[in-house]
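Undergrad: based on what follows, work out the 3D shape:
(2 chains)
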Amino acid sequence: MGGYLSADEWEVLRLSLKIAFWSVAGSLPPALLVAYVLARLRFPGKSLFDALVHLPLVLPPVVIGYFLLLLLGRHGPLGAFLEAHFDIVLAFRWTGAAVACAVMGFPLMVRAIRLSLENIDEKLEAAARTLGANRVRVLATITLPLALPGIITGVLLSFARSLGEFGATITFVSNIPGETRTLPLAIYTYTQVPNGDANALRLSLLAVLLSVAALFISEVLARRATRRLKGRDAEG
Amino acid sequence: MLKVDIAHRVGRLSLAIAFEASAHVTALFGRSGAGKTSLVNIIAGLLTPDDGHIEIDGEVLFDRARGINVPAHKRRIGYVFQEGRLFPHLTVQRNLLYGHDAAAAAHAPDLAQPRHIVELLGLEPLLARYPADLSGGEKQRVAIGRALLSDPRLLLLDEPLAALDAQRKDEILRYLRLLRDRMRIPMVYVSHAVEEVLQLADQVVLLADGQVVAAGPVEAVMGRPDLRERAGIFDGGVIIEARVQAIDAADGVATLAFNGGTLTVGRSDVQAGEAVRVRIRAREVSLALEAPRHISIQNILRGTVREIDTSRGDSVSVTIAVGAATLRSRVTRRAARALALAPGIDVYALIKAVSLERHGARVE
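TA: You can find the predicted model right below:
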């Protein structure tokens, strides 16, 4: 494959995977927490909270990117704070791209995990308590393992969303080669220059390949996680 | 010993239940909707009652007035659910050890070897399997083993046979009798099936509409005709404690001795000397004023009419004293009139069917 892709294209691929990985890794813990809260707890203002979580799904990505710029840019309230106290700069960095992707993928991840949490028979958790397990042990040994298929699906959806993220990323962190130019941004760039068609096509095929691979891997993992729950007879 | 005195509202049902369970096996008996499952959930700590007091062996588990409510995972009460509730993502072995490992670490390092219970319940061949690959009966055996291995002070069984077919029921009942006879752990057995109560329990607490209707030894409570309507005991009749006197293997019959004489039953799968319970339904008992001859009925006992109850429907319930025992017969009004039945009259009770419930040889 080394001959198929140019050095620049390799750079784009490496960067895209890195950003997608960190956006998923960073958003998984809060997504688990939010999914649990939405699936199990009742509190006033829950529907407002639910709507807030789903906002990135319905707003134009450019708007999300612009809000992120306002909030986390070097002169934004949170951005200035992070830079002053922790020396963290997100604007126009690959880390900022990861944040944009994480925000865009967050509702997808929460939805998948929440669905599988809601499907868990709470009677199993009650049974675990009668066997001497406290809440933490019930969560770690019963709830989370039973929600695993949903967690895998959520991770995949969010990963795929990150690989394809365009609007929020370009608005928040721009299109800087080697820093924030991910796969979709690179394809867009190639279509804007003369004689870039071949490159754009090659990268598009690469995107198709990546998506299919991710889908396949998650399918295998989810099936493996579900199989035991349903028994041998249900297999296939 | 378990002491319960609680009040709780679930939907339209108000529970107000007080009882003490000191027997080895106490049955909570009643129709569905009587509040049995809510009651065991309250005992296990899965449901918090509105008011009351629960203690076990002197340790208070719940006391509204004193603000005590020990959480379920610290109560050390084993619970076998109607539907098994095995953890689908764990093998049978890891299901079994789920409560055992924590119990061994927390309070009982010399906990009975899992091996012992695995052997008792015949679980060895199942250890590597997942719950989805087990039959209903196997699932319940694993559930019973899992609860026992968590080293409970009390075992709650909430209609553990309800979801099983007749054959599986017998299989699990056999294991439950075995457990009762081999282990010292007290059990509270919830059921609405008379046969299960007769086979397993020493004491019974009868529940109806969230209240305790009667409580006491099984023979005394389950034979009471006045309770059958309220508690849903099938048919009037009596429960008699008997002992196997002799077995005639050639004819396939056994002779049972009880405190009113002897009974012959068509069973040879019992052992001489074994204690059994027999149930004689009122509609299986006919009455005659003279000893009938040339008749196929084997069990004909002589007794005296004690009481005649005409209060219910178109038939009459007759109570007959036979030796020190009591029988009950259900006859039509016309038959009662034709025989001029009245208290004090001597009659022959013709028993058409005797159902024998093995109670097992108790080691006490």
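Undergrad: for B:Pro292, grab the count of nearby residues.
TA: Per other CB atoms under 10 Å in any protein chain shown, the neighbour tally for B:Pro292 reads 12. C-betas here are computed from N, CA, C, even on glycine.
Undergrad: cool, A:Ile120 as well?
TA: 18.
Undergrad: gap between the closest residue to it other than its chain neighbours and A:Val12?
TA: Taking CB to CB, 6 or more residues apart in numbering or on different chains, and ignoring the residues beside it in sequence, A:Ile120 has A:Leu146 as its nearest neighbour in space, at 4.9 Å. Distance, A:Leu146 to A:Val12, using CB to CB, to the nearest Å: 39 Å.
Undergrad: hang on, the earlier thing: show me what contacts the residue nearest to A:Ile120?
TA: For A:Leu146, the contact set (CB atoms under 8 Å, 6 or more residues apart in numbering or on different chains) comprises A:116, A:120, A:124, A:229, B:88-89.
Undergrad: tell me, what residue is most central in chain A?
TA: Central residue of chain A (CA atoms, centre = their mean): A:Ser158, 2.9 Å from the mean position.
Undergrad: that residue reaches A:Gly26, doesn't it?
TA: No: between A:Ser158 and A:Gly26 there is no contact under CB atoms under 8 Å: 10.3 Å.
Undergrad: list residues touching both of the two?
TA: In contact with both A:Ser158 and A:Gly26: A:Ala102, using CB under 8 Å, 6+ apart.
Undergrad: so where's chain A uncertain?
TA: Confidence mapping of chain A against pLDDT under 70 gives the ranges A:1-3, A:227-236.
Undergrad: can you give me the helices for it?
TA: A:7-40, A:46-58, A:61-72, A:77-86, A:94-119, A:122-130, A:135-138, A:144-146, A:148-164, A:167-173, A:183-192, A:197-230 (DSSP state H).
Undergrad: can you tell me which of the contacts of A:Leu146 is nearest B:Val60?
TA: A:Leu124 (28.5 Å; CB to CB).
Undergrad: separation between that closest one and B:His53?
TA: Taken as CB to CB, the span from A:Leu124 to B:His53 is 30 Å.
Undergrad: equivalent analysis for B:Ala102, please.
TA: In terms of CB to CB, B:Ala102 sits 27 Å off from B:His53.
Undergrad: same question, B:Phe29
TA: With CB to CB as the criterion, B:Phe29 and B:His53 are 23 Å apart.
Undergrad: compare these two (neighbour count), which wins?
TA: Shown here are B:Phe29 and B:His53; by other CB under 10 Å, B:Phe29 has more neighbours (31 against 18).
Undergrad: phi and psi next, for the more buried one.
TA: phi -120, psi 140 (degrees, to the nearest 10).
Undergrad: surely it is in contact with B:Glu195?
TA: No: B:Phe29 is beyond contact range of B:Glu195, at 11.5 Å (criterion: CB under 8 Å).
Undergrad: quick check: buried residues in stretch B:254-269?
TA: B:254, B:256, B:258, B:260-261, B:263-265, B:267 (16 or more other CB atoms under 10 Å in any protein chain shown).
Undergrad: chain center to stretch B:10-19, what's the gap?
TA: A distance of 22 Å separates the centroid of the chain from that of stretch B:10-19, by CA atoms, centre = their mean, to the nearest Å.
Undergrad: can you map out the helices along the stretch 51-200 of chain B?
TA: Remark: helices assigned in the stretch 51-200 of chain B by DSSP state H, counting those that start in this stretch are B:92-106, B:114-120, B:136-149, B:166-182, B:194-200.
Undergrad: how about those in JSON lines, adding distance to B:Gln271?
TA: What follows is the helices of the stretch 51-200 of chain B, written out as JSON lines (distance: least, CB to CB, whole Å):
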{"stretch": "helix B:92-106", "distance to B:Gln271": "32"}
{"stretch": "helix B:114-120", "distance to B:Gln271": "21"}
{"stretch": "helix B:136-149", "distance to B:Gln271": "25"}
{"stretch": "helix B:166-182", "distance to B:Gln271": "14"}
{"stretch": "helix B:194-200", "distance to B:Gln271": "16"}
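Undergrad: can you say which of those is nearest to chain A?
TA: Closest approach to chain A among those is made by helix B:92-106 (3.2 Å; CB to the nearest CB).
Undergrad: what angle separates the closest one from helix A:122-130?
TA: Helix B:92-106 and helix A:122-130 are oriented at 40 degrees to each other (axes from the mean of the first three to the mean of the last three CA atoms, to 10 degrees).
Undergrad: need the contact partners of helix B:92-106.
TA: With contacts defined as CB under 8 Å, 6+ apart, helix B:92-106 is touched by A:128, A:130-133, A:137, A:141, B:76, B:78, B:86-87, B:90, B:111, B:114, B:117-118, B:123, B:126-131, B:134, B:142, B:145-147, B:149-151.
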